[in-house]
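> Got a predicted structure here, sequence first:
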Amino acid sequence: MKNLLISATVATLCCSALAAQTSVEQSKSIPIMLLPDTDHGTCSIGLQVNQGGAELRSGPGTQFPVIAILEAGHVVSGCNEQDGWDGVIDGQDETCSIGISVATPRPYIGPCDSGWIDQNSLTSIYG
């Protein structure tokens with residue numbers, strides 16, 4: 001009986017550690033980077049959400065949490081891309097850092113929502 005109790009305790013601790021690790025993995029986010037662009041300014045690519053809408057995620061992949069659901073026709077500003085995902089800012093003006101010039105790459109920390117959308121859910125409309 002004592003061995004059974006010890007085995008059950010060890011199994012519970014292992015499962016708890018695995019669940020905590022999975023939770024930490026899912027809560028990570030990959031920041032959107034503002035990059036130098038002397039021709040257009042940063043994040044000045046207009047992307048429109050395709051029919052069916054799109055999930056804005058905290059990183060470039062389905063393993064990252066959904067931040068928001070965007071409806072078809074919604075326009076976001078594209079900043080960078082990674083592995084078939086577009087890093088975007090949900091805004092189109094200077095208050096969201098769209099079109100500004102940056103001298104060196106830096107993560108976006110502005111007031112507008114930012115995240116990653118599967119490129120299959122977007123169509124380029126300008127930029």
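Structure's in. What do you need?
> just checking, next helix/strand downstream of the helix or strand harbouring residue 87?
Under the criterion of DSSP states H and E, residue 87 resides in strand 85-89. For strand 85-89, the following helix or strand on the C-terminal side (DSSP H and E) is strand 106-107.
> ok, for residue 66, nearest residue in space, not its chain neighbours?
Spatially, and ignoring its direct neighbours in sequence, residue 66 is nearest to residue 55 (4.8 Å; CB to CB, 6 or more residues apart in numbering). C-beta here means a position set from N, CA and C on the backbone, and glycine is covered the same way.
> and the one you found, helix, strand or coil?
For residue 55, the assignment made with DSSP: H, G, I helix; E, B strand; the rest coil gives strand.
> What lies in contact with the strand ranked longest in the chain?
Longest strand of the chain, by residue count under DSSP state E: strand 75-82. By CB atoms under 8 Å, 6 or more residues apart in numbering, the list of residues contacting strand 75-82 from outside reads 30, 32-35, 42-49, 60, 70, 86-92, 96, 98, 108, 114, 116-117, 119, 122, 124-125, 127.
> same check, this time on stretch 91-109
Residues contacting stretch 91-109 (CB under 8 Å, 6+ apart): 31-38, 40-44, 46, 75-77, 79, 89-90, 110-114.
> tell me which residues of it are tucked away?
Across stretch 91-109, burial judged by 16 or more other CB atoms under 10 Å covers 91, 92, 96, 97, 98, 99, 108.
> got it, and stretch 120-127?
121, 122.
> quick one: low-confidence ranges for the protein?
Residue ranges of the chain with pLDDT under 70: 1-27.
> follow-up on the earlier one: could you tell me which of the contacts of stretch 91-109 belong to strands?
33, 34, 46, 75, 76, 77, 79, 89, 114.
> domains in the protein, as residue ranges please.
1-28, 33-126 (automatic domain parsing).
> Need the winner for burial among these.
domain 33-126 (a mean of 17; mean count of other CB atoms under 10 Å).
> Just the terminal-to-terminal distance for that domain.
Using CA to CA, to the nearest Å, one end of domain 33-126 lies 19 Å from the other.
> what's the answer for stretch 74-93, then?
End-to-end for stretch 74-93, by CA to CA: 15 Å.
> got it, and stretch 29-37?
One end of stretch 29-37 sits 24 Å from the other (CA to CA).
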